[in-house]
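need coordinates for the below:
(4 chains)
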There are 2 protein chains.
Amino acid sequence: MSTASKPTISDVAAHAGVSIATVSRVVNGGEEASVGVALETRRRVREAINDLGYVPSQAGRTLRRQTSNLVALLIPDITNAFYAAIAHSVELALRDLGYAMTLCNTDEDPELQDKYLQEMQEHQVHAVILLGAVESAGLEKAVKAGVRMAFLNRRAPTETRMPFVGIDNRAAGAAVARHFLAHRYDPIAVIHGPLGSSASRERYEGFEQALRANGVELAADCIEHGDLTIDSGYTAAERMLRTGRRPAAIFCGNDLMAYGAYRRCRDLQIRVPDDIALFGFDDNPMNDWLADWLSTVRVPYDRFGSATAGVIGRMLSAADEGPRETPEEILLPYQLVIRGSS
Amino acid sequence: MSTASKPTISDVAAHAGVSIATVSRVVNGGEEASVGVALETRRRVREAINDLGYVPSQAGRTLRRQTSNLVALLIPDITNAFYAAIAHSVELALRDLGYAMTLCNTDEDPELQDKYLQEMQEHQVHAVILLGAVESAGLEKAVKAGVRMAFLNRRAPTETRMPFVGIDNRAAGAAVARHFLAHRYDPIAVIHGPLGSSASRERYEGFEQALRANGVELAADCIEHGDLTIDSGYTAAERMLRTGRRPAAIFCGNDLMAYGAYRRCRDLQIRVPDDIALFGFDDNPMNDWLADWLSTVRVPYDRFGSATAGVIGRMLSAADEGPRETPEEILLPYQLVIRGSS
DNA sequence: ATTATTGATGAAAACGTTTACAGAAAAGCA
DNA sequence: TGCTTTTCTGTAAACGTTTTCATCAATAAT
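Numbers count the residues shown, from 1 in each chain, chains lettered A, B, ... in the order given. So this is what the prediction gives:
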């Protein structure tokens, strides 16, 4: 049984008594669109396709078309629900555009990012979307090779003229600072992310500058940093709380680090948010259910998809109209979410 | 600048003064393996590849080889950290085997699952891994078409002779029941997942039967069900807690539904775990940080990767040795994690 | 010195599509 | 009727690989 190997377009053509060109036209013509193939012929071809269980080969198609229907999404940490939510949103939007998404986890590792970048080039992906890109040699190479790219959440770490979708992190950081000042928290502390990442840096700078503008200076022992993981939030909080002075509020570079800090506080019998206020960033979708003590900056993860689809779509036409003077930038609205301030 | 279109293997061949066959051999031969190309030639080819920035085309390769280096992972809900963790583990293992993973979110939707199944067939993926498969027509079709598949966490909903990797859900459910009995919780309640999914069904049946074996019967108003989302856990708990009788312990079909139930309890000023014990399933990686009140069954998500790599690898050789009488089954160890019972 | 044996290389044939071009039939028009 | 226009279909040429087979040189064996 089933000695027959995969049927190809020629098998279908033979079975339907037409040429392969006609089959191709039927397959590629929209559902009922009149692509210029007679109704009766189309019916016959459709029948043959069904009879044989024909599945067109993307390899053949890609080879001929010189571009695939794949779009790559590089993501730093798939287990971070915030990133996962963005990935989900992007997948939906791409699907509407007729693309299939392949998702690659870079673990914030430049080497791995480069490996994936190369691999996706090999697959002639239609575009590479970098959610939280990290600086790497391969980035420049890909730009030179003409790979379409888009940067989400974090700006391109190097000069690329590629579009960006995200929020105004600097302004958001400043907004958090103003919130802290309004509540007269003192002392104020911060656990920031890696300053090499534009998002983390801008958040921190916006926060710090807004404080300074209001005459508040961050004490040296009130500045810690982590690498955006829960663990690093825990250890950063550990270092910070080891000293005598206990901060009244900590601004964490993302929600995950705030989770870690939270855990450390509980271990020390410090109540959140009564004894200490924690502020995160991203608004992980979990928060409403599990972290009603965490105030945070809500980044509208479900709006990344359509925004990204937009820039990807525009990159096609952009090629004709010559290079833009400045890369496209879509800034999504953010929002302060204040929780637990009963 | 950069008028040159992508260099192909022939460009490299010309540049290095060899034939394309030789280039292919160099590209495919391992790093230092002696594939039968002279050292000096190899050096020249490598140089040419570098000079030109040559990137081999997977389309060409796939077309010729009749199989790609892609493995598809179908996942029901990427924002569920437990599934995400498994996906991560699988990606790592596949990478070691030299495959690239493409991740597709099925949203538990049979239609979408079928769409992806078809699409992945078009890409001639090396295998399709179904994490939490749902019953659908396309599944049978894919089996007939000779697609290699593996089922993770949930058993194949229909007869496919394809391998399974997961835990003994029935035994785990029974273990939870015994735990409840030991604590003399009364009354005992359950919020189970969709009984169409083998995992949910087996968990529930194991639980229920173990209770019955010990002379405990679940009351009708102590049985609710959800669809494994947080929301459904919330509403299920709402229905259950509306009645006068408050259960002493609820066994939830997965951690997410337990989160929802938790939220409902808090809304009603019911303390967890003091007033009511919640038991989940999966042990979402978040739990240690954010849910120290949740006891659960730990499924070793980080062991799915290598186990899956194993079955995938074995499917290659399996073809030769004729069909197995019974599909391979790998049962991973599970573990009861008891939290908050200070 | 001749013959086997080994090792490196090249020529050429697939693999399954899409699409430009051309030809044929049908339809419109005078 | 003859002419032009439209609509449909087929032929054939890429697209970039891998791999079999043959060739040829160099080395080993007699």
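
send the alpha carbons of the helix or strand in which A:H15 is found over as CSV?
Using DSSP states H and E, A:H15 sits within helix A:9-16. The C-alpha trace of helix A:9-16 is given here as CSV (Å, rounded to 0.1, in the frame of the first residue of the first chain):
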residue,chain,number,x,y,z
ILE,A,9,2.2,18.8,-10.0
SER,A,10,2.8,16.7,-13.1
ASP,A,11,0.9,13.8,-11.6
VAL,A,12,-2.0,16.1,-11.1
ALA,A,13,-1.7,17.5,-14.6
ALA,A,14,-1.7,14.0,-16.1
HIS,A,15,-4.6,12.9,-14.0
ALA,A,16,-6.6,15.9,-15.1
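
what's it in contact with?
The contact list for helix A:9-16 (C-beta atoms under 8 Å, 6 or more residues apart in numbering or on different chains) reads A:19-20, A:22-24, A:27, A:41, A:44-45, A:47-49, A:51-52, A:54, A:56. Glycine gets a C-beta too; all of them are placed from N, C-alpha and C.

any idea of the mean pLDDT for it?
Rounded to a whole number, the mean pLDDT of helix A:9-16 is 95.

any part of that helix near DNA strand C?
Yes: applying C-beta under 7 Å from any atom of the strand, one finds helix A:9-16 in contact with DNA strand C at A:I9, A:S10.

buried residues in that helix, which are they?
Residues of helix A:9-16 classed as buried: A:I9, A:D11, A:V12, A:A13, A:A14, A:H15, A:A16 (neighbour count, 16 or more other C-beta atoms under 10 Å in any protein chain shown).

which one of the residues you listed is nearest A:A171?
Closest approach between the buried residues of helix A:9-16 and A:A171, by C-beta to C-beta: A:I9, at 54.6 Å.

next one: that closest one from DNA strand D, what distance?
A:I9 sits 10 Å away from DNA strand D, going by C-beta to the nearest atom of the strand, to the nearest Å.

with A:K115 instead?
18 Å.

tell me the contacts of the closest residue to that residue other than its chain neighbours?
Of all residues not flanking A:K115 in the chain, A:G138 sits nearest, at 8.0 Å (C-beta to C-beta, 6 or more residues apart in numbering or on different chains). Each residue near A:G138 by C-beta under 8 Å, 6+ apart is listed here: A:P110, A:Q113, A:D114, A:K115, A:L117, A:Q118.

ok, and of the residues you listed, which contact DNA strand C?
By C-beta under 7 Å from any atom of the strand, no member of these lies near DNA strand C.

out of these, who has the most neighbours?
Among the contacts of A:G138, A:L117 has the most neighbours (other C-beta atoms under 10 Å in any protein chain shown), with 27 neighbours.

in the worst-scoring helix or strand of chain A on mean pLDDT, what's buried?
Sorting the helices and strands of chain A by mean pLDDT, DSSP states H and E puts helix A:304-318 at the bottom, at a mean of 89. Residues of helix A:304-318 classed as buried by neighbour count (16+ other C-beta under 10 Å): A:F304, A:G305, A:A307, A:T308, A:A309, A:G310, A:V311, A:I312, A:M315.

leaving out the residues flanking it, which one is nearest to the fifth one?
If the residues on either side of it in the chain are set aside, A:A309 comes closest to A:A93, at 3.9 Å by C-beta to C-beta, 6+ apart.

quick one: the one helix or strand the one you found maps to to helix B:81-97, angle?
Counting by DSSP H and E, the element that carries A:A93 is helix A:81-97. Angle between the axes of helix A:81-97 and helix B:81-97 is 70 degrees (criterion: axes from the mean of the first three to the mean of the last three C-alpha atoms, to 10 degrees).

A:S197: neighbouring residues, count only.
By other C-beta under 10 Å, the residues close to A:S197 number 25.

which residues touch it?
By C-beta under 8 Å, 6+ apart, the contact list for A:S197 reads A:G132, A:V134, A:R154, A:P157.

so which of those comes closest to DNA strand D?
Nearest to DNA strand D among these, counting by C-beta to the nearest atom of the strand, is A:V134 at 27.7 Å.

three-state assignment of that closest one?
Three-state call for A:V134 (DSSP: H, G, I helix; E, B strand; the rest coil): coil.

do you know how far it is from A:E111?
To A:E111, A:V134 is 10 Å away according to C-beta to C-beta, to the nearest Å.

who's more crowded, these two?
A:V134 (22 against 13).

rewinding a little: which elements pack onto the helix holding A:A93?
The contact analysis (3 or more C-beta pairs under 8 Å, 6 or more residues apart in numbering or on different chains; DSSP states H and E) places helix A:81-97 against strand A:70-75, strand A:100-105, strand A:127-131, helix A:304-318, helix B:81-97, strand B:100-105.

need those in a markdown table (columns: distance to B:F281).
Shown next, in a markdown table, are the helices and strands packed on helix A:81-97 (distance: least, C-beta to C-beta, whole Å):
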| stretch | distance to B:F281 |
| --- | --- |
| strand A:70-75 | 26 |
| strand A:100-105 | 25 |
| strand A:127-131 | 30 |
| helix A:304-318 | 30 |
| helix B:81-97 | 9 |
| strand B:100-105 | 21 |
